[in-house]
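Visitor: What follows is a predicted structure for the sequence shown.
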Amino acid sequence: MNEKEAEILARSMGDACLAVRVRILSRVITALYDREVRPLGLKANQGTLLVCLARLGQTDQSGIGRALKMERSTVCRGIERLMARGLVEAVPTDERLLRMTPAGRDMLERVHVGWSRAQRKAHALLGEAGVEQLKALAANVCHR
């Protein structure tokens, strides 16, 4: 393949690639949430882990990964950071299980404030129709 053919092929793939579009959208939206929780010393991903733990109660890292469709290494890194800050702890009777600490629950309340601002910004960016389409797509794909 010559240089011109490679450029044409790459342009065709780049223009049509759904993975690229989803990743760009993910980075843009994640950046909104990251900016809002950064003053708390967290990233949006860590806030997501706190929300998941609050919803699931005691669970292991695999349970979090399944619920959030996250890779094990990503869950592990995030949980380690939350544990180092005293926001998450291992359950004494079963070290594999995790739970939020009282400090973690307090942080979740603080995260909610920034999350709400990020939600408003994301809604403004995507528009109501875009938000509804995104929710419908996620529900359709994630429940298979």
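Guide: Looks like it came in fine. Everything numeric here is computed off the predicted structure, so don't read it as measured data.
Visitor: so where's the chain uncertain?
Guide: 144 (pLDDT under 70).
Visitor: secondary structure class for the residue most central in space within it?
Guide: Nearest to the mean C-alpha position of the chain, counting by Cα atoms, centre = their mean, stands Asn45 at 4.4 Å. What DSSP: H, G, I helix; E, B strand; the rest coil gives for Asn45 is helix.
Visitor: if I look at it, how far off is Asp34?
Guide: As judged by Cβ to Cβ, to the nearest Å, Asn45 and Asp34 stand 8 Å apart. Heads up, the C-betas are built off the backbone N, CA and C, glycines and all.
Visitor: Need the contact partners of the helix or strand where Met13 lies.
Guide: For Met13, the host element (DSSP states H and E) is helix 3-16. With contact meaning Cβ atoms under 8 Å, 6 or more residues apart in numbering, helix 3-16 is reached by Met1, Val20.
Visitor: okay, it in CSV with CA atoms only?
Guide: Below are the C-alpha coordinates for helix 3-16, written out as CSV (Å, rounded to 0.1, in the frame of the first residue of the first chain):
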residue,chain,number,x,y,z
GLU,A,3,1.2,6.6,1.2
LYS,A,4,-1.9,8.0,-0.6
GLU,A,5,-3.8,4.7,-0.3
ALA,A,6,-3.0,4.5,3.4
GLU,A,7,-4.2,8.1,3.9
ILE,A,8,-7.5,7.3,2.0
LEU,A,9,-8.0,4.1,4.1
ALA,A,10,-7.2,5.9,7.4
ARG,A,11,-9.6,8.8,6.5
SER,A,12,-12.4,6.2,5.7
MET,A,13,-11.8,4.4,8.9
GLY,A,14,-11.5,7.5,11.0
ASP,A,15,-14.7,9.1,9.6
ALA,A,16,-16.7,6.0,10.3
